[in-house]
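please find the sequence and the predicted model below.
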Amino acid sequence: MNTKVIISLFAAFLIGFSFREPADITPAKILHQMYDSIKNVKTMRTKVSALERIDKKFSSANSEYIVQTQPRKVYFINRSKKLEVLYNTELYGRKALVKPNVFPYMTLSLDPTGNIMRKNQHYSIHELGYSFIGTSIALTLSKDKDGLKNFTYNGKSHKNGYTCYMLTYENKSYSYVDYKVGEKETVGVVASKLCVNEYLLRDNNDLLNDFGYLKKGRILKVPTLYCKKAILFIDEKLMLPVSISLYDDTGLFESYEYSSIEINKPLKESDFNRDNKNYGF
């Protein structure tokens, strides 16, 4: 089933559970309001601390980015690595401008989904922002027959300077099944088709940096669910996540902490232009 269709159906499913008892705070109500907030994000500016498991080791990064959702534009910077990325199809086509702090020290024009930009990364720049979180949860529940029963509301908690609703999700039946690769299928195609996490699919089949077509007939070990466990902190005012951590059967595989969040504040054309005097392109 198409990912957009799954998300639409799941949003409709949440509505039916959200407001039975308005005085109560329930996972369904929180998730429904979070989805509404994500849909209403037109622009965002934030700082993100990421922790990602790559080949059994953890890699951490602190970055900042600006996102406009329609038409999609992105500016990303990791100041410690002096790495900048700019994506603006109106000015630069479907390639991203990348300014690395390594040889050849010049601005490159790269495919955001190609092996150079995706190497050792869980996600592409197309997933920056909140839409990927909404998609992740929708895909998790689309694969989970018990759905919202596996979500627990754990009360309010302070996280990254925000007062948040804390939700946990866990399904102990998480496991792996075999999948035979079809004609002209990539890891991304298989992950989308089966509604599973692309990183976990790569990690469990030694395909971390394989972005081409897979050999037809190859047998892949595919997770039965998008993740085994998730922990979310959702700000009570913005109704947007400020922290999300996902786990598989071996433990944590990715965590993202958001701070200095600005939603739907006006952006300038120069925010997505390589000639911005504050940029290094």
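Received the coordinates, thanks. Because the structure is a prediction, the values reported are computed rather than measured.

tell me the buried residues in stretch 179-199?
For stretch 179-199, a neighbour-count test (16 or more other C-beta atoms under 10 Å) marks 179, 181, 185-187, 190-191, 194-199 as buried. For the C-beta atoms, the positions are set from N, CA and C on the backbone; glycine is no exception.

end-to-end on it?
Start and end residues of stretch 179-199 are separated by 16 Å (C-alpha to C-alpha, to the nearest Å).

would you map the strands across this protein?
Taking DSSP state E as the test, the strands found in the chain are 43-54, 57-68, 73-78, 83-88, 96-99, 108-110, 151-159, 162-170, 176-180, 219-223, 229-235, 241-248, 251-263.

export those to CSV and append columns for distance to N278 and mean pLDDT.
As requested, these are exported to CSV (distance: least, C-beta to C-beta, whole Å; pLDDT from 0 to 100):
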stretch, distance to N278, mean pLDDT
strand 43-54, 13, 96
strand 57-68, 11, 96
strand 73-78, 9, 97
strand 83-88, 10, 97
strand 96-99, 13, 96
strand 108-110, 20, 95
strand 151-159, 30, 96
strand 162-170, 27, 96
strand 176-180, 46, 96
strand 219-223, 42, 95
strand 229-235, 28, 96
strand 241-248, 26, 96
strand 251-263, 16, 96
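
among the ones you listed, which comes closest to G134?
When the strands of the chain are compared by C-beta to C-beta, strand 241-248 sits nearest G134, at 9.1 Å.

could you find the closest non-adjacent residue to R53?
F253 (4.5 Å; C-beta to C-beta, 6 or more residues apart in numbering).

for the one you found, the count of nearby residues, please.
22 (other C-beta atoms under 10 Å).

what about it, distance to Y87?
26 Å (C-beta to C-beta, to the nearest Å).

and for the closest residue to V67 other than its chain neighbours, the neighbour number?
Leaving aside its chain neighbours, V67 sits nearest to G129 (4.4 Å; criterion: C-beta to C-beta, 6+ apart). Applying other C-beta under 10 Å, we find 21 residues neighbouring G129.

how far away is G129 from Y123?
For G129, the distance to Y123 - C-beta to C-beta - is 10 Å.

do H32 as well
For H32, the distance to Y123 equals 25 Å [C-beta to C-beta].

so which residue is smack in the middle of this protein?
The centre of the chain sits closest to F132, judged by C-alpha atoms, centre = their mean, with a distance of 3.6 Å.
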